[in-house]
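Visitor: dropping the sequence and predicted coords here.
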Amino acid sequence: MRRLLHGRSVLDIGSGNGFIAAYLMAGLNASVTAVDIPYSYQCKQIMHSPLRVNFYEGETIRTPAKSFHAVLFNSVLHHAAGHAPALLSEADRIAQRYIVLNEDLDVETNDIRVRNQKHDGQGIFRSDASWRQLFVERCPHFALYATGYVGQPHYARRQFAFQHEGRDMGRLYLSVHGDEKRRFLKWYVLQRRPQHTPHNHSSAAD
């Protein structure tokens, strides 16, 4: 993300209240335009957000071709359901260089399918193979540059001042460990093909 988006212009489609846009602006010095639908379940949060979030009708983005360095979908397209193919076509038109997205997958385990149904009963959850095929169909000017599952091994340690009723109770150390890959959540980066490259879709290995 730092290498791809630092200091760049980004269109965040399905931005919600804009917290990802805020991170990209503060952490990566990116210039971010946030858009979402006016009937989003987060509409109340959007209206109270200190960030400007622009509304659109759900399929067509009123912005010129190649007007942003990158287009971002942060766990959005399964919510878009039947509109997802049209939104990928719009990303193909708008992005100069990259389309970055992550998606909750439909995998062949009942517990994940139950989880997805609870998450959004009206959403469309696609398999990894289905997403890749949709990229081929809807983003013909892009090739799959990189992909992987969300959830890399990590270790974080932070120190907090702990107080109770105004009295300093010493220090609380919070350590977080994690090494489980979320095998239903995957990220993808699509890169625009050079104009001289023949139309031949390639896929990155996981």
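Guide: That came through, no problem. Numbering: from 1, shown residues only.
Visitor: what bridges to the spatially most central residue of the chain?
Guide: In the chain, the centroid-proximal residue (C-alpha atoms, centre = their mean) is Asn74; its distance is 1.8 Å. Beta-bridge pairing for Asn74 (DSSP bridges): Asn102.
Visitor: residues contacting it?
Guide: Taking C-beta atoms under 8 Å, 6 or more residues apart in numbering as the contact definition, Asn74 lies against Asp12, Gly14, Ser15, Ile20, Leu101, Asn102. C-beta: built from backbone N, CA, C; applies to glycine.
Visitor: that's a strand at the first one, yeah?
Guide: Right, the one you point to is Asp12. Yes. Using DSSP: H, G, I helix; E, B strand; the rest coil, the assignment for Asp12 is a strand.
Visitor: distance of it relative to Gly58?
Guide: With distances taken as C-beta to C-beta, to the nearest Å, Asp12 is found 15 Å from Gly58.
Visitor: between those two, which is the more surrounded one?
Guide: Using other C-beta atoms under 10 Å as the criterion, Asp12 and Gly58 rank with Asp12 on top: 25 against 18.
Visitor: where does pLDDT dip in this structure?
Guide: 39-50, 151-183, 196-206 (pLDDT under 70).
Visitor: for it, just list every one of the helices.
Guide: Secondary structure of the chain by DSSP state H: the helices cover 2-5, 19-28, 43-48, 77-80, 84-94, 110-119, 128-138.
Visitor: so which of the ones you listed is the most surrounded?
Guide: Of the helices of the chain, the one with the most neighbours on average (mean count of other C-beta atoms under 10 Å) is helix 77-80, at a mean of 22.
Visitor: chain center to it, what's the gap?
Guide: Per C-alpha atoms, centre = their mean, to the nearest Å, the displacement of helix 77-80 from the mean C-alpha position of its chain is 11 Å.
Visitor: name the helices or strands packed onto it?
Guide: Using 3 or more C-beta pairs under 8 Å, 6 or more residues apart in numbering; DSSP states H and E as the contact test, the elements touching helix 77-80 are helix 84-94, strand 95-104.
Visitor: contacts for stretch 117-128?
Guide: 78-79, 81-82, 84, 103-107, 113, 116, 134, 186.
Visitor: quick one, what contacts the residue lying closest to Leu77 once chain neighbours are set aside?
Guide: Closest residue to Leu77 apart from its sequence neighbours, by C-beta to C-beta, 6 or more residues apart in numbering: Ala84 at 4.2 Å. When contacts are counted by C-beta under 8 Å, 6+ apart, Ala84 touches Leu77, His78, Ile124, Leu134.
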